[in-house]
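> need a 3D model of the following:
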Amino acid sequence: MVFVLIFRDFDPEIHDVYKVAELIYDVDYRTFKHVFKSKEEGVEAIKNRLLLIDFAKEAEVDENDLFYVFFDDDDTEEKEIIGMFNGGKGVQHSLFGDIKNQFKTLKFSEALGLSKVSFMDNFVLVDVEDDDFYICELAICSNQRGKGYGTEALDQLIQLAKDLDCRRVVLDADFRNDGAFRLYSSKGFKIFNKKSFGVPGKKRGMRNMELILK
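Sure thing, here's the model as predicted:
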């Protein structure tokens, strides 16, 4: 199958915010399901957080902090989101900054849940260098998986990293997500670190992976 993915800056006024929130939930559902009573509750919290972010302002502050949704090039009206990506060159999110903003903008129960996820992330996600291209979140809609879209999206992001003169591409692969690990390995990513974090009833671990570009 031959296709090209069209990447667009995510705009909550244009794009389906609920679908994007679902994709973010699915990327880390093993953690979200521990801190929210249901998927619906978790997705709603993520959606409300997305609606409160000024993405245009964020882009002005850091042009390398990217948040894309993508479409199949055959979808000329760009109606069906294929997937989403969040990350960029040297992008590092502040744990305390994220938590502060969540409690400042969301109702308490939503802020508490998302802050628990941010806290757990802090112990397992890759340490990003200034010249790294970080794939923080990359997700394909469930009804579009198995068609090669994930491979194509990864290829385009690797090329973008090269265009930005990055030294390497880095990402995280959950210990329990063998499908993602196989995809990343097939593209030449290697494990360079492993991190795990656990509290009673809630444990997670990540393979920190890298693709050296130069």
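> does the residue minimising distance to the centre of the chain sit in a helix, a strand or a coil?
Nearest to the geometric centre of the chain sits Glu137, at 1.4 Å (C-alpha atoms, centre = their mean). Of the three states, Glu137 takes strand under DSSP: H, G, I helix; E, B strand; the rest coil.
> list the contacts for it?
Contact analysis of Glu137 by C-beta atoms under 8 Å, 6 or more residues apart in numbering lists Leu23, Ile24, Val27, Asp28, Met84, Phe85, Asn86, Gly87. C-beta here means a position set from N, CA and C on the backbone, and glycine is covered the same way.
> list the beta-bridge partners for the last one.
The reference is to Gly87. Taking DSSP bridges as the rule, Gly87 bridges to Leu66, Ile135.
> so how far is Lys104 from the residue nearest to the centre of the chain?
For Glu137, the distance to Lys104 equals 22 Å [C-beta to C-beta, to the nearest Å].
> the spatially closest residue to Gly83 that is not a sequence neighbour: neighbouring residues, count only.
Leaving aside its chain neighbours, Gly83 sits nearest to Ile140 (4.2 Å; criterion: C-beta to C-beta, 6 or more residues apart in numbering). Using other C-beta atoms under 10 Å, Ile140 has 22 neighbouring residues.
> sorry, back to before: save the contacts of Glu137 as JSON lines, and put in neighbour count too.
Formatted as JSON lines, the contacts of Glu137 follow (neighbours: other C-beta atoms under 10 Å):
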{"residue": "Leu23", "neighbour count": "25"}
{"residue": "Ile24", "neighbour count": "21"}
{"residue": "Val27", "neighbour count": "20"}
{"residue": "Asp28", "neighbour count": "19"}
{"residue": "Met84", "neighbour count": "26"}
{"residue": "Phe85", "neighbour count": "24"}
{"residue": "Asn86", "neighbour count": "21"}
{"residue": "Gly87", "neighbour count": "24"}
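> go through these and name the one nearest Glu41.
Nearest to Glu41 out of the contacts of Glu137 is Ile24 (C-beta to C-beta; 13.9 Å).
> who are the contact partners of that closest one?
By C-beta under 8 Å, 6+ apart, Ile24 lies in contact with Ile46, Met84, Asn86, Glu137, Ala139.
> my guess is the residue nearest to Gly83 contacts Glu152. True?
No: judged on C-beta atoms under 8 Å, Ile140 makes no contact with Glu152 at a distance of 9.8 Å.
> which stretches in the chain count as helices?
17-27, 29-35, 39-51, 55-61, 95-105, 108-124, 149-163, 178-186 (DSSP state H).
> between those, which one is closest to Leu211.
helix 149-163 (6.7 Å).
> for the lowest-mean-pLDDT helix or strand in the chain, packing partners?
Using mean pLDDT, DSSP states H and E, helix 55-61 stands out as the lowest-scoring helix or strand of the chain, at a mean of 74. Applying 3 or more C-beta pairs under 8 Å, 6 or more residues apart in numbering; DSSP states H and E, we find helix 55-61 packed against strand 65-72.
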